Each structure stands twice: as C-alpha cells, then as structure tokens.
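[1] build me a model from this:
(2 chains)
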Number of protein chains: 2
Amino acid sequence: MRAAIFRKGEIVADTLPDPTPAAGQVLVKTLACGICGSDLHARKHAHRMVEMSRRLGRTPMDLDRDVVFGHEFCCEVLDYGPATQRKLKPGARVCSLPALLTPEGPKGIGYSNENIGGYAERMLLSEPLLLEVPNGLASEHAALTEPLAVGVHAVAKANIRGDEVPLVIGCGPVGLAVIAALKLKGLHPIVAADYSPARRELAQRLGADVVVDPARSQPYASWTEHAAMSPEQKAARPALQAWLPALKPALIFECVGIPGVLQQVFEGAPRDARIVVVGVCMEPDRSEPMLGIMKELNVQYVLGYTPDEFAYSLRLIADGQVDAASLVTATIGIDDVAGAFAELANPERHTKIIVEPWR
Amino acid sequence: MRAAIFRKGEIVADTLPDPTPAAGQVLVKTLACGICGSDLHARKHAHRMVEMSRRLGRTPMDLDRDVVFGHEFCCEVLDYGPATQRKLKPGARVCSLPALLTPEGPKGIGYSNENIGGYAERMLLSEPLLLEVPNGLASEHAALTEPLAVGVHAVAKANIRGDEVPLVIGCGPVGLAVIAALKLKGLHPIVAADYSPARRELAQRLGADVVVDPARSQPYASWTEHAAMSPEQKAARPALQAWLPALKPALIFECVGIPGVLQQVFEGAPRDARIVVVGVCMEPDRSEPMLGIMKELNVQYVLGYTPDEFAYSLRLIADGQVDAASLVTATIGIDDVAGAFAELANPERHTKIIVEPWR
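    Sure thing, here's the model as predicted:
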C-alpha cells in the first residue's frame, strides 16, 4: 500500500506492506485523515518526543525505523481479524480513538513504529473502539472528530461554573475546537485572539463573540472590556474585595503551544484567572512563578479526551452543531503530504488539510 | 523607638520616630513578630520584588529609604487615632492581618516605606482588622497566626474532595503549616519530605504520617507506596483506565520556593496530580510543559489568606488544635535580627525565630 512515511526526519511517499488484523482488530481503508499541528511538531521535535516517551515509561518511536503519522481519521471497514464480533459490515464508515487496545493497555496510533497512522491507504483499528459515522456525514468532516474532541476535553477540564468570561489565545484548529466547545456550553462573550485575519474570521464563525488582533490591541485589555461585573455582582462582593477590579472570572485557553506564551499569559492574566494549557509546547519553557503566585493563578494542563468526549464530538459534527466544514481548506493525496506540512505554516491559506490516501 | 531596619540591602538596628495613628488606626506595641522566609527572600531579592510590584501596578518599596519588615505579629493596644470605636482597651493583646485599610484599598505592612512592620517597638494597625488574642495564649504563639493562615489558605485552595493522598515537599514553616491544615481536614496518610531530620520530626509532630528524606528515597516512590487504591476503588474504574496504576489522587504541596523545584515536581508527579505552589519563588523558573501536558497536571499558585482564614488560624492555635509552640526555636531582641537572618539558613537549628522588640 502507499503511505506518507516519516523517515529520517522527512515525510516521504513510499509503499509499505498491507497490515494484517490480529485478534480484536479490524482492517480498514483510510478515507480521510487530518494533518495535526502535533504531526508538524513531531517531525521537528521527534528526538524530544522520543526522550519524553522514554522518561514517562512509554514505548518511544524508533527514529531509525519508519513511522506513519495520522491520528485524525475516518475509515471504511474492509475485513476483520480473529475474535471479533463483526457487527459493522464491510463498507461501513467508522471513526475511532487513535489507539489500539492491547493486554498491556491502549497503544497510540500515529506516533508508533508498529501502529500505522492515517497517512496510509490501510490501517488497523480495535473493534471495541469503532464508532459508525452517521449516514450522510462526509468522511473529511467525520475526520475532524479527533481535533474537536481535544477542544471538548479542554473545556470539560476547565470545570465551568457559568460565570466565567473565556479568552482563547490562538485560533488554529485547537483554539477553534475550544471555541466551538465553549459555544456549546453557552458561555458569552467568548473573546478570541489571533494575528491572522482568516483565523479570526473562522473563530467568529465557530462562536467567538469578540475577536482581537494582538498586533493592534492587547487581548487582556479587550477581555477586560467585556468582563465587567454586573452592578448586582459588584454589590455582592465582600467589603475587603471592594477595591479589586470588578471583573468576572477569567478562563484563559492557551492554544498556541510555543515557548514564551505561558509567560505572556501570566503577565496579562487578571487575578484568580484559570488557565487551560491546550497548546502542546514540546520545548522547555521559562516563566515567572511570582506572577502566578501574586495573582493566585491556576494552570490546568490537558491532553487528549475520554472515549465519551470522542463519541460526543462525532455526534456534534454529524448533528451540525459544530460547523466542521469551515475548517477544511484542502484535501490532498499521499504525494502531497510533505508539501502540506510546509503549507500549514501559513495561517491565511490553511486551517485543516485532509489527506485522502486512496486518491 | 528602636527597630531592625532594612537599609541599603542590610538589616541594621537603629531608632525611628514613633508612629502616630491616623483616622481608623491604632497605635500598638509589638509584643512578638516572627521572621518569615519571605523576609529573607526580600532582603536577597529586594530589587526583584520592587520590579514585580511595579509590574503589578502596586506601590513598590523605595530601596533608598528605610523599610521595617515583619508581618507575623502579636501586639498590645496602646492608643487610638481619630474616628475609632475603641472597643478594645489599652493593654488588650491583638493580632491583625498585615495590612492597613485605606480609601485606595488595603496596603501591606512590612514591605513598605510607610507602613512599619513588626521588627519595631511600635506599629500602626487598622481597627477593623484587630482580633483579640484569647486570654492565656502566649504572644509568641499568637504571632504564628499569620504563617498558619498561609497553610490554611493553601489547603482551602486545594479544593479537597476527601480521597486525595497529600505529599508535602519541604517542611519549613510553610510546609509545616500546610501539614497542620491537612491534618485538620482529616486526610490520611499525609506524606512529607525534607532533607532535615529536625524538620521531619516537626512534620510528624504537626501531623505527617509518613516522612521521607529525599537523600535516601524518592518522595514520589514513598507517596506511591501509600497511595494504593482500595480493591473497591480499583474495581470501580472504567475499563479503559484499568491499565493505569491504581493510585488515589495526588495532591502535592510545593513548599520550597526555589527555582527547579516545580520541574522536579513535574517529573515526579503521577498522572492527574494537583500541585499547590505555596513556596514563594522570586526568580524566573524553567520547566517542561510537556510533562504537565502528558500527565494533565493542575498547578494552583497561592498567596496569603482571607480574613476568615486568618481569624480561624488564631482560634486553631488558641484552642490547641495546632501545636504552635513546637515551631518556635528562639526569641530574640532587635539587635539580634540581622544575625537571625543568617541563622535561619540552618534548618537543624531553627524553624521560627520570634523577635520581641521590647526586649
């Protein structure tokens, strides 16, 4: 089969043997697979990712061997391995958490030498994790289940009480998924910041009420304008807090994931802000704990999603509650994956590029 | 009056004019004032503290002028300024939050050119903040209200659910206050780590069930031994989590406050750990966000306490629920404050040194 392979630090199109489903596994045809920012990170910081996996006691990628990235996929059932229930017929379209169930626990798909990701014509999935794609939902939109689940999970981990005013820093696919998930929670106004006009427009389409260009105005200043307490809230404060700015609670989502951004959030955040770190920063970072201390900030690092959040995200897209279509800016074949990795650096041109390995 | 003054980077004993109480203020005699680790930090990192205050929009200390530190005090009412209710008679012993109420909000006592701290014979307090010391409680123990309140506040900000196993990193006065506050919450076992045998003994006296010498065994390994889920808890987990270590939730209190410790916590912490940063690290710090992300850690930075927590802490000491006496390792006069700052570097010799400026 054909695949876009991560080999010696580069993405190359080549052929690989077709995989064979083992017990509990399903052989599928990859219909659509999104390119994730983490894949771009992984190509750039592969050695760091390996080191981190090793330190966390996980099986790291062997960078001398081939890896096929791709963990945002929609597939078609082709065949079943032994010990399977086969409830879905061949031809059924499915999504799945990017993991294979094994006796030693789930093993990730997409950053592994063994478990081939979605930039290949065929892959293996675990039968118990299959979710049938509701009839009529386009495969390239079903493939957005995974990135949407990241936003759904981040918002779930934020433990929203209902009185917060959210600020989303960065409106790439992760920030956009967070905005979509916040909109579903009914929080308003949602303030979102990104340097890119195209990304700000998408942010509005997905639910941001206020968008900020950090090159023109400070996101925290815009947030403050939209976070004033009501006169009742102001009057209900304890007397000793009367001197504090009368602002609703801040809930800041860091969706950029490069060094220095968390320190910027620490600098800009108001007192008692809760910060959810959704952007995946793979390099060491520097910040001033004193800012966190003086403001009593809370930082919640998040990753991934639960199986329930994943299934919920697929339903959200299928029901049209999240406008997934607006995120897809291109569909490409195997041969164009390497080029797409470079293209994705330009936020004006692309948000989500979908690989269709069967092309 | 005599005072131990922070002047040009050093602590010097000298005389200052007696303060005069303004409207709403009370002139008090300082009976006892604890030396806080923050005072040692402030002497060493005064310029950094000034810069931080400025960046946070607060009035910074002018380091060319005198400052009198001391924010853990017990005092005796001497006289009242205008516009006061005078419910407590002269001679009454009082504690107070280290702040003066002003029309512009509370202003801190102890890190200010204007508001003299407790290393002086006399100081000014705000009448509405006075708490009478329950009869019979020694002044040097009442002075421990402030550091205990730091621990009470840190534990309150941890939002304890009741199933956590706490790990306290560092058993200086802050860590010990956290241990005392945890004991009152009924959480067991409390695991605490410190290199000093004297500090570990104090930790046990204040409520630690397990103490660890990090030079001999890894605190997180000891924590893991004491955090195993019960068979019922283990059985109640979702199937997809069955492969995760069957550990109770971790609640880690960082009570050291020097660069690098938070990164150590990130490295050692189990998945989903909540970390409360109580130690005040005044320098920039470096950590790996990927560790936080992969483990979905939560970091709550804390500072200070509420008026209610402060009053509660005084009652805890007065009622004998916290063994404050065990923390006091010396009482000294004004002339010995400079020497005490140096002495406090040795954790075997001292925990809390109390200044008695009237000596």
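[2] which residues of the stretch 251-359 of chain A lie near chain B?
    Applying CB under 8 Å from any CB of the partner chain, we find that the stretch 251-359 of chain A lies next to chain B at A:262, A:267, A:277, A:280-282, A:284-303, A:307. All C-beta spots, glycine's among them, are computed from the backbone N, C-alpha and C.
[3] mark which of those residues are buried, thanks.
    If you count burial by 16 or more other CB atoms under 10 Å in any protein chain shown, the buried members of those come out as A:262, A:277, A:280-282, A:285, A:287-303, A:307.
[4] out of these, list just those in strands.
    A:Val277, A:Asp285, A:Ser287, A:Asn298, A:Val299, A:Gln300, A:Tyr301 (DSSP state E).
[5] widest-spaced pair of those?
    A:Asp285 and A:Asn298 (17.3 Å; CB to CB).
[6] and the residue of the stretch 201-350 of chain A nearest chain B?
    At 2.9 Å from chain B, A:Trp243 is the closest residue in the stretch 201-350 of chain A, using CB to the nearest CB.
[7] helix/strand/coil for that residue?
    For A:Trp243, the assignment made with DSSP: H, G, I helix; E, B strand; the rest coil gives coil.
[8] and it, how many residues sit next to it?
    13 (other CB atoms under 10 Å in any protein chain shown).
[9] could you do the one 10 residues further on as well?
    A:Phe253 sits with 32 neighbouring residues when counted by other CB under 10 Å.
[10] partners of the helix or strand containing it, with directions?
    In this assignment (DSSP states H and E), A:Phe253 forms part of strand A:250-254. Applying DSSP bridges, strand A:250-254 is found paired with strand A:165-169 (parallel), strand A:274-277 (parallel).
[11] so what touches it?
    Strand A:250-254 is contacted by residues A:154, A:158, A:160, A:164-170, A:175, A:178, A:187, A:223, A:227, A:261-262, A:265, A:269-270, A:272-279 when judged by CB atoms under 8 Å, 6 or more residues apart in numbering or on different chains.
[12] got the buried residues for that strand?
    Neighbour counts over strand A:250-254 (16+ other CB under 10 Å) mark A:Ala250, A:Leu251, A:Ile252, A:Phe253, A:Glu254 as buried.
[13] return the residues in contact with whatever residue of the stretch 51-200 of chain A ends up closest to chain B.
    Across the stretch 51-200 of chain A, no residue is closer to chain B than A:Gly105, which sits at 2.9 Å (CB to the nearest CB). The contact partners of A:Gly105, taken as CB under 8 Å, 6+ apart, are B:Ala242, B:Trp243, B:Leu244.
[14] distance check, it against B:Val77.
    Computed as CB to CB, to the nearest Å, the A:Gly105 to B:Val77 distance reads 65 Å.
[15] tell me which parts of the stretch 51-200 of chain A are close to chain B?
    By CB under 8 Å from any CB, the residues of the stretch 51-200 of chain A that approach chain B are A:Met52, A:Arg55, A:Leu56, A:Glu104, A:Gly105, A:Pro106, A:Lys157.
[16] which of these are buried?
    Looks like those have A:Met52, A:Pro106, A:Lys157 buried, using 16+ other CB under 10 Å.
[17] now those residues as CSV including secondary structure and pLDDT?
    Listed next are these as CSV, based on DSSP: H, G, I helix; E, B strand; the rest coil; pLDDT from 0 to 100:
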residue, secondary structure, pLDDT
A:Met52, helix, 87
A:Pro106, coil, 89
A:Lys157, helix, 97
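[18] tell me the phi and psi of the residue of chain A most remote from its centre?
    Within chain A, A:Ala239 marks the point farthest from the mean C-alpha position, 42.4 Å out by CA atoms, centre = their mean. Note on A:Ala239: its backbone torsions stand at phi -50, psi -40 [degrees, to the nearest 10].
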